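Peer 1: Can you look at this prediction? I've put the sequence above it.
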Amino acid sequence: MTSGRTKSCGCLQLRKGKDSPAYKHGRSQTKEYDLESHMKRSYGMGFKKYEEMLFAQDSKCAICKAEPPKNQHKTRLNIDHCHTTGKVRGLLCDCCNRALGLMRDNTKLLEKAIQYLAKNALAR
């Protein structure tokens with residue numbers, strides 16, 4: 001407190017609700033607020049941009065065209081982004097998102113995997 005950076009010894013934290021100095025808009029303790037703040041922090045986009053992308057993709061995965069899961073804990077598509085530039089590329093289902101991640105976003109490696117599958121398709 002002597003440095004001037006701290007405003008309270010802890011007594012202000014005892015206040016709850018609208019009287020609390022941390023109160024913003026009443027949504028700060030909701031799941032949706034946490035998700036949107038994560039999206040803004042990680043990808044620079046909010047729900048509106050997510051919804052626009054989802055509409056442009058016909059509410060399906062950009063790769064396999066699967067719909068988001070309905071009966072599971074997670075009901076949204078993953079936000080796919082380039083790990084080098086940070087640019088958002090599209091919305092993917094869990095399987096497609098994991099596949100790209102496991103292939104390290106390497107197109108040559110993906111092409112080799114396609115060739116491998118094509119070569120061994122007759123072995124089934």
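Peer 2: Great, that's in hand.
Peer 1: In which helix or strand does the residue nearest the centre of the chain reside?
Peer 2: With distances taken as CA atoms, centre = their mean, Ile79 lies nearest the centre of the chain, 4.5 Å away. Using DSSP states H and E, the element containing Ile79 is strand 78-81.
Peer 1: returning to that earlier point: please identify the nearest residue in space to the residue nearest to the centre of the chain, excluding sequence neighbours.
Peer 2: Spatial nearest neighbour of Ile79, chain neighbours left out: Tyr43 (5.3 Å); criterion: CB to CB, 6 or more residues apart in numbering. (Each C-beta comes from the backbone N, C-alpha and C, glycine too.)
Peer 1: Gly101 versus that neighbour, what's the distance?
Peer 2: Distance, Tyr43 to Gly101, by CB to CB, to the nearest Å: 15 Å.
Peer 1: If you count surrounding residues, which of the two has more?
Peer 2: Ranked by neighbour count (other CB atoms under 10 Å), Tyr43 and Gly101 place Tyr43 first, with 16 against 13.
Peer 1: ok, the more buried one - contacts?
Peer 2: Each residue near Tyr43 by CB atoms under 8 Å, 6 or more residues apart in numbering is listed here: 79, 81, 86, 88.
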